[in-house]
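Enquirer: Whatever this is, show me its structure:
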Amino acid sequence: MNDSTPLLLKALNKEKLDIPPIWYMRQAGRYMPEYRVVRSKFKNFLDMCKNPEVCCELALQPINAFNLDAAILFSDILTIPDAFGLGVEFIENEGPVFNNPIESIDDINNLIPFDPDSLSYVYEAVTNIKDALPKNIPLIGFCGSPWTLAAYSIEGRSSKDFNKTINFIKKYKDESHFFLSRLSDACFLYLRKQVQAGVDVIQIFDSWANILNNQELNELSFNYIKSLIFALKNDPITANIPIILFARDPKCNSDALIETSADCISLYWSMNDFCLESAKGLTALQGNLNPKILLESKEIIKKEVHEILKKFKDFPGYIFNLGHGLTPDINPEMVKYLTEIVREY
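Expert: Presented below is the predicted three-dimensional model:
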């Protein structure tokens with residue numbers, strides 16, 4: 001790659017860089033005062049996500065504030081279940097609620113066909129953001145993993161343990177796998193459209209990997225992620241688009257993540273025992289500062305950041321990020337400070 005290639009793409013190509021590219025999960029969000037001003041104009045969060053002009057404005061806010069090395073599409077992982085007719089809405093202080101959750105075999109069998117064009121507002125937002133970004137700033141598109149989308153769709157809302165989902169899958173195993181397959185197909189079509197609209201990188205969010213044991217994780221999540229990545233890598237439109245996988249606190253070893261064939265593994269903040277030697281040459285790595293560190297003093301932030309940078313300084317293909325998303329209680333000045341000390345290291 002030449003000198004004009006964006007830093008993020010160099011890292012995803014497993015190049016060793018003196019200064020790692022920097023972006024943050026949930027870099028556009030409630031911790032930013034300018035975000036809260038826009039959010040106050042919408043009763044339902046998903047309505048805001050369906051406004052391409054607003055999504056463009058929100059995606060650009062952290063780029064303008066912190067001069068980051070990548071932008072990420074402003075949207076939500078639950079756009080696909082909503083397109084399946086499951087009636088997703090966001091209730092203040094409660095989060096996503098499904099008006100038509102999956103509660104029976106009939107609900108799976110009677111799902112409307114997924115039409116990727118029904119999410120045209122997302123692709124329009126991609127094009128708007130891409131047109132507004134400087135040429136050296138790549139745009140990251142994303143989707144939820146099939147397992148994470150299934151868990152929300154069956155549970156009908158967020159949950160600490162997803163007991164309803166786990167019990168449903170045990171009772172209706174074949175039908176649940178059929179549902180996961182349909183979600184995988186939808187993710188592929190959705191991401192393909194995002195790439196056609198202009199995204200440079202894809203991230204898959206396996207946000208509820210943590211509620212599965214090792215066997216369940218492979219059976220219900222990683223098998224479908226592997227199939228999705230295989231499909232993307234073998235489609236002429238998406239074949240050259242790097243793929244990042246973020247699994248939240250997964251109960252597996254390093255090899256299981258590497259074997260998904262993702263171009264980059266985004267490490268959860270507690271994954272400090274991930275084997276760097278196993279990953280070298282096979283995948284780039286992203287992460288993994290605990291976001292809560294940003295609530296501490298500058299001295300503590302600097303110490304923690306330096307430890308991470310020292311650990312990854314010789315790794316070919318490292319991206320600085322958090323081990324989870326920025327939270328609403330974080331001061332934007334600390335995000336600015338964090339960005340500066342990474343670049344100064």
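Enquirer: contacts and neighbour counts: CA atoms only from here.
Expert: Noted.
Enquirer: Now stretch 218-237: average pLDDT?
Expert: In this model, stretch 218-237 carries a mean pLDDT of 98.
Enquirer: same thing with stretch 184-191?
Expert: For stretch 184-191, mean pLDDT is 98.
Enquirer: same question, stretch 8-25
Expert: Rounded mean pLDDT across stretch 8-25 is 97.
Enquirer: Which strand or helix spans residue 150?
Expert: Here residue 150 sits within helix 146-155, counting by DSSP states H and E.
Enquirer: How about residues contacting the next helix or strand after that helix?
Expert: The helix or strand immediately downstream of helix 146-155 is helix 163-171, counting by DSSP H and E. When contacts are defined by C-alpha atoms under 8 Å, 6 or more residues apart in numbering, helix 163-171 is touched by residues 103, 151, 154, 155, 176.
Enquirer: Can I get those in TSV including pLDDT, neighbour count and distance to residue 114?
Expert: Below are those laid out as TSV (pLDDT from 0 to 100; neighbours: other C-alpha atoms under 10 Å; distance: C-alpha to C-alpha, whole Å):
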residue	pLDDT	neighbour count	distance to residue 114
103	96	15	19
151	98	27	18
154	98	24	17
155	97	21	20
176	97	20	17
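Enquirer: From residue 243, how far out is the spatially most central residue of the chain?
Expert: Centroid check for the chain by C-alpha atoms, centre = their mean gives residue 205 as the closest residue, at 3.9 Å. Noted for residue 205: a distance of 11 Å to residue 243, by C-alpha to C-alpha, to the nearest Å.
Enquirer: tell me the mean pLDDT for stretch 157-175?
Expert: Here the average pLDDT along stretch 157-175 is 95.
Enquirer: gap between the two ends of that stretch?
Expert: 20 Å.
Enquirer: what's the answer for stretch 237-254, then?
Expert: Rule used - C-alpha to C-alpha; the end-to-end distance of stretch 237-254 is 29 Å.
Enquirer: The residue nearest to the centre of the chain belongs to a helix?
Expert: No: looking at residue 205 with DSSP: H, G, I helix; E, B strand; the rest coil, it is strand, so not inside a helix.
Enquirer: What sits closest to it if chain neighbours are left out?
Expert: In space, and not counting its chain neighbours, residue 205 is closest to residue 144: 4.7 Å by C-alpha to C-alpha, 6 or more residues apart in numbering.
Enquirer: Quick check: that neighbour touching residue 209?
Expert: No: counting by C-alpha atoms under 8 Å, residue 144 does not reach residue 209; the two are 11.1 Å apart.
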